[in-house]
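**Student:** got a predicted structure plus its sequence, pasted below:
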Amino acid sequence: MKKLISIILACVLLVSVFSGCGIIGGAKKTVFIYMCGSNLETKQGLAGKNIDEILSANIGNNMDIVIETGGTQTWRSHDIDNSAIQRYAVRDGKLELIETIENADMGEAQTLTDFLTWGQEHYSTRDSMLVLWDHGAGATKGVCYDENYSYDSLTLKELKEALENANLKNKFQIIGFDACLMASIETAYYVYDFAKYMIASEEIEPAGGWDYKTLCESYSESRDYVSVGKAICDAYMKKCKDKGKLFATLSLFDLSKTPLLMNQCSAAIEYIEKYTGKADYFSEVRNAMNTCEKFGGDNSFQGASNMLDFVDFVNSVTGEEYKDLIDTSDFVLYSVNSGQRTNGGVSFYYPMVYNEKEVNDYLELKVNDNFNSFLTKHYSNVPTEAITFSDKGSIASDGAFTVKLNPDCADYFSQIDFLLMTKDESGTQHVLYTDNDITKDWENMLFKSNFRGISLALDGHRLFYTSVANNPNYASFIAPVKVNGEKTNLRFVFVWDDSEFNGGYYQLAGLWNGYDENGLPDNDITPLKKGDKVQVVTDTVIENGTPKENYSKEFTIGNDGGIISEIPLDGKEYQYVFVATDILGNTYTSDMATFEMTVSYDELLNNPLPDETFAAKVTNIEPYIQ
């Protein structure tokens with residue numbers, strides 16, 4: 001009898017030991033975190049900082065938190081091994097190692113499947129949540145980029161494969177993407193069979209990521225998972241606003257409504273196709289694409305995600321019937337943003353900056369047959385000379401420089417901008433900036449200059465800049481700069497406000513590094529700081545077919561952290577060229593107009609001109625030779 005009692009006690013002790021170290025989860029809820037550290041951890045220790053937030057959470061004993069780590073060359077904290085996959089549990093505010101296994105590619109479906117299969121064997125899945133932590137890059141590129149395996153990522157197809165092969169016992173209450181650019185129709189379509197709700201961002205996520213203390217505590221305390229999702233969104237947005245982030249977004253989706261959303265997508269495409277044959281129907285669509293909210297990079301200059309806001313696009317397209325077809329309120333349960341945004345919470349892919357492989361990859365996703373047919377129709381039959389001018393340059397009755405495109409190129413038209421240039425004493429042409437501040441008559445495909453004789457400047461230093469977006473709330477710009485010797489990009493916006501002169505004011509967002517060599521967007525926009533040493537690009541010249549940037553002398557940012565303003569141009573003559581872009585990204589130039597200033601620098605400095613009041617007259621129009 002004593003021997004039997006000893007055996008029983010030993011077994012009980014063994015079970016309690018395993019339970020204590022996390023091999024057998026005893027809680028009713030589980031949060032699974034698939035933490036692919038990538039260069040976010042190697043360079044900035046961001047994964048470790050989020051783990052610190054997790055460890056600070058007061059979650060009691062009713063919830064397990066399980067973290068799988070990997071995907072980075074260097075873990076900067078918590079003694080995590082970068083040469084292996086490791087699984088941890090959180091116990092009493094401490095990170096406890098459960099097991100270490102051979103290193104594997106976290107951008108492979110099998111690695112995620114193995115984690116979820118193991119998790120189901122040892123932890124409760126009745127009320128569970130899955131968070132995918134790392135970079136995200138949109139519908140065609142996916143999430144979780146493993147730095148140890150050439151930044152291989154989980155594509156949407158691989159993500160679905162991983163979830164299917166895990167043979168989940170129960171749907172996740174929430175699947176979350178703490179990653180950039182994943183709050184899309186396409187992501188929802190690929191995961192809606194595996195979770196009830198989804199949380200993700202349309203935009204690039206700032207470096208701090210989500211607020212994991214709030215995530216853990218709210219999930220632990222409530223079974224109302226809509227309220228939990230809202231709490232996660234609100235805490236994330238507070239974290240972003242506290243750090244002065246202008247472009248952050250986060251959304252909560254009801255994945256059960258995904259089929260309804262897909263039907264609405266089909267209805268939208270059918271509406272667009274009704275206008276086939278109308279001279280300007282596709283230009284209307286393209287104009288909506290140009291003016292609606294876009295996320296990540298949105299031009300060839302800085303890189304492009306090609307992710308657009310679905311709701312904002314709908315509201316930008318002419319036609320009340322079309323707008324009535326779309327109601328995403330049942331699908332998008334909650335959406336927050338940090339400032340000047342008109343986003344509706346869910347994005348979709350559209351090749352604003354065309355890449356043939358990317359479009360083919362998207363077609364392979366087969367998210368929506370109608371949309372695939374639409375893309376195939378408009379991108380597989382583009383003529384060699386897609387855009388032609390019926391008038392390459394003339395002077396309008398009000399003195400503006402005008403051009404006109406042929407109506408039959410409307411189906412292939414993407415956007416129109418202008419280059420402002422000047423010549424030095426040797427006759428070399430210097431491009432000062434490119435903008436889309438143009439008077440546009442879409443019905444007649446007629447475009448006019450709106451030249452007020454100004455440029456934009458940082459702390460009085462004239463910038464070479466590019467306009468990248470223009471919608472009813474704001475226009476956004478990007479300018480190449482050097483800050484403390486490092487090349488980067490300055491991002492700023494013009495906020496529309498009727499109470500201000502010329503309808504708005506400029507607001508500096510910060511510094512953004514664009515897309516890296518792996519096709520990943522920089523995950524943060526960092527503020528300029530007092531004492532930063534800055535050189536701005538003043539203009540570019542073309543040397544042997546290659547643009548060369550000319551930099552200003554170095555100056556120091558003051559207490560205000562940098563101010564964007566309009567300053568007068570100080571020359572006598574300028575050259576102006578319209579540049580039209582087709583849907584494949586090919587460009588077509590107008591003739592070149594020479595403007596002679598009619599208002600002096602001092603006059604413009606003391607009395608800036610209102611919009612559509614011209615500071616120069618056209619003195620000559622000639623063919624433009626690049």
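**Tutor:** That came in fine, so what should we check first? Please read all numbers here as calculations on a predicted model, not as lab measurements.

**Student:** and the residue most central in space within the chain, what is it in contact with?
**Tutor:** With distances taken as C-alpha atoms, centre = their mean, G296 lies nearest the centre of the chain, 2.3 Å away. Applying C-beta atoms under 8 Å, 6 or more residues apart in numbering to G296 gives the contacts 137-138, 180-181, 203-204, 303-305, 307, 521. Heads up, the C-betas are built off the backbone N, CA and C, glycines and all.

**Student:** okay, now A386: neighbour count?
**Tutor:** For A386, the neighbour count with other C-beta atoms under 10 Å is 18.

**Student:** quick check: the gap between the residue nearest to the centre of the chain and N368.
**Tutor:** As judged by C-beta to C-beta, to the nearest Å, G296 and N368 stand 21 Å apart.

**Student:** next one: S397
**Tutor:** Using C-beta to C-beta, S397 is found at 47 Å from N368.

**Student:** who's more crowded, these two?
**Tutor:** Legend: neighbour count by other C-beta under 10 Å for S397 and N368, higher for N368 (21 against 6).

**Student:** how about the secondary structure of the closest residue to that one other than its chain neighbours?
**Tutor:** Spatial nearest neighbour of N368, excluding adjacent residues (C-beta to C-beta, 6 or more residues apart in numbering): C265 at 5.1 Å. Following DSSP: H, G, I helix; E, B strand; the rest coil, we place C265 in the helix state.

**Student:** list the contacts for C265?
**Tutor:** 185, 310, 348, 368, 370-371.

**Student:** can you list the helices and strands that the strand or helix carrying T376 packs against?
**Tutor:** Here T376, judged by DSSP states H and E, is contained in helix 369-379. Where contact means 3 or more C-beta pairs under 8 Å, 6 or more residues apart in numbering; DSSP states H and E, helix 369-379 is packed against helix 258-274, helix 356-365.

**Student:** report the rounded mean pLDDT for it.
**Tutor:** The average pLDDT within helix 369-379 is 89.

**Student:** what do you get for stretch 485-498?
**Tutor:** Stretch 485-498 shows an average pLDDT of 91 in the prediction.

**Student:** mind listing residues that contact it?
**Tutor:** Contacts with stretch 485-498, where a contact means C-beta under 8 Å, 6+ apart, come from 246, 302, 340, 458, 463, 472-482, 503-514, 525, 528, 533, 536, 564.

**Student:** any buried residues in that stretch, and which?
**Tutor:** Buried positions in stretch 485-498, judged by neighbour count with 16 or more other C-beta atoms under 10 Å: 488-494, 496.

**Student:** torsion angles phi and psi at N82?
**Tutor:** Main-chain dihedrals, N82, degrees, to the nearest 10: phi -80, psi -10.

**Student:** excluding chain neighbours, what is closest to it?
**Tutor:** Nearest residue to N82, sequence neighbours excluded (C-beta to C-beta, 6+ apart): W75, at 5.1 Å.

**Student:** try A475
**Tutor:** The spatial neighbour of A475 that comes closest, neighbours along the chain excluded (C-beta to C-beta, 6+ apart), is F494 at 4.4 Å.

**Student:** sheet partners, orientation included, of the helix or strand where the one you found lies?
**Tutor:** Assessed by DSSP H and E, F494 sits inside strand 486-496. Counting by DSSP bridges, the strands paired with strand 486-496 are strand 474-483 (antiparallel), strand 504-512 (antiparallel).

**Student:** let's have those strands in CSV, adding distance to A195 and mean neighbour count.
**Tutor:** Shown next, in CSV, are these (distance: least, C-beta to C-beta, whole Å; neighbours: other C-beta atoms under 10 Å):
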stretch, distance to A195, mean neighbour count
strand 474-483, 33, 21
strand 504-512, 31, 19
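
**Student:** columns distance to T598 on top of those strands, output as JSON lines?
**Tutor:** Shown next, in JSON lines, are these (distance: least, C-beta to C-beta, whole Å):
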{"stretch": "strand 474-483", "distance to T598": "26"}
{"stretch": "strand 504-512", "distance to T598": "25"}
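
**Student:** coming back round to it: which other residues reach the helix holding T376?
**Tutor:** 265-266, 269-270, 272-273, 282, 351, 354, 359, 362-363, 366, 411-412, 583-584.

**Student:** tell me the secondary structure at K49.
**Tutor:** K49 ends up helix, using three-state DSSP.

**Student:** I'd like the distance between it and H78.
**Tutor:** 10 Å.

**Student:** let's have the helices and strands packed on helix 369-379 in a markdown table, adding distance to R452.
**Tutor:** Putting the helices and strands packed on helix 369-379 into a markdown table (distance: least, C-beta to C-beta, whole Å) gives the following:
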| stretch | distance to R452 |
| --- | --- |
| helix 258-274 | 36 |
| helix 356-365 | 38 |
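
**Student:** hey, which of those helices is tucked in deepest?
**Tutor:** helix 258-274 (a mean of 17; mean count of other C-beta atoms under 10 Å).

**Student:** how about the CA coordinates for that helix, as PDB?
**Tutor:** Written as PDB, here are the backbone C-alpha positions of helix 258-274 (Å, rounded to 0.1, in the frame of the first residue of the first chain):
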ATOM      1  CA  THR A 258     -16.400  38.400 -45.200                       C
ATOM      2  CA  PRO A 259     -18.600  36.600 -47.800                       C
ATOM      3  CA  LEU A 260     -20.900  39.600 -47.800                       C
ATOM      4  CA  LEU A 261     -18.000  42.000 -48.300                       C
ATOM      5  CA  MET A 262     -16.800  39.800 -51.300                       C
ATOM      6  CA  ASN A 263     -20.300  40.200 -52.800                       C
ATOM      7  CA  GLN A 264     -20.000  43.900 -52.500                       C
ATOM      8  CA  CYS A 265     -16.700  43.900 -54.200                       C
ATOM      9  CA  SER A 266     -18.200  42.000 -57.100                       C
ATOM     10  CA  ALA A 267     -21.100  44.500 -57.300                       C
ATOM     11  CA  ALA A 268     -18.600  47.400 -57.300                       C
ATOM     12  CA  ILE A 269     -16.700  45.900 -60.300                       C
ATOM     13  CA  GLU A 270     -19.900  45.200 -62.100                       C
ATOM     14  CA  TYR A 271     -20.900  48.800 -61.700                       C
ATOM     15  CA  ILE A 272     -17.500  50.000 -63.100                       C
ATOM     16  CA  GLU A 273     -17.900  47.700 -66.100                       C
ATOM     17  CA  LYS A 274     -21.300  49.300 -66.900                       C
END
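
**Student:** what's the angle from it to helix 369-379?
**Tutor:** On the basis of axes from the mean of the first three to the mean of the last three C-alpha atoms, to 10 degrees, helix 258-274 is oriented at 40 degrees to helix 369-379.

**Student:** any idea how far helix 258-274 is from the middle of the chain?
**Tutor:** Put simply, helix 258-274 sits 24 Å off its chain's centre (C-alpha atoms, centre = their mean, to the nearest Å).

**Student:** tell me which helix or strand comes right after the helix or strand of the chain with the lowest mean pLDDT.
**Tutor:** Lowest by mean pLDDT, DSSP states H and E among the helices and strands of the chain is helix 2-21, with a mean of 39. Next in sequence after helix 2-21, counting helices and strands by DSSP H and E, comes strand 29-36.

**Student:** ok, residues contacting that next one?
**Tutor:** Residues outside strand 29-36 that contact it (C-beta under 8 Å, 6+ apart): 47, 50-51, 54, 62-72, 106-107, 112, 115-116, 119, 123-134, 144-146, 215-216, 219-220.

**Student:** where does the chain dip in pLDDT?
**Tutor:** The chain contains residues with pLDDT under 70 at 1-26, 275-284, 297-303, 318-325, 340, 545.

**Student:** residues near P472, how many?
**Tutor:** 11.

**Student:** before we move on, what SS does it have?
**Tutor:** coil.

**Student:** ok, P206 - contacts?
**Tutor:** Contacts for P206 were tallied using C-beta under 8 Å, 6+ apart; they are 240, 243, 245, 248, 523-525.

**Student:** out of those, flag the one nearest to T42.
**Tutor:** Nearest to T42, judged by C-beta to C-beta, of the contacts of P206 is N523 at 13.0 Å.

**Student:** I figured that closest one hits L40, correct?
**Tutor:** Yes: N523 is within contact range of L40, at 6.6 Å (criterion: C-beta atoms under 8 Å).

**Student:** I am finished for the moment; much appreciated.
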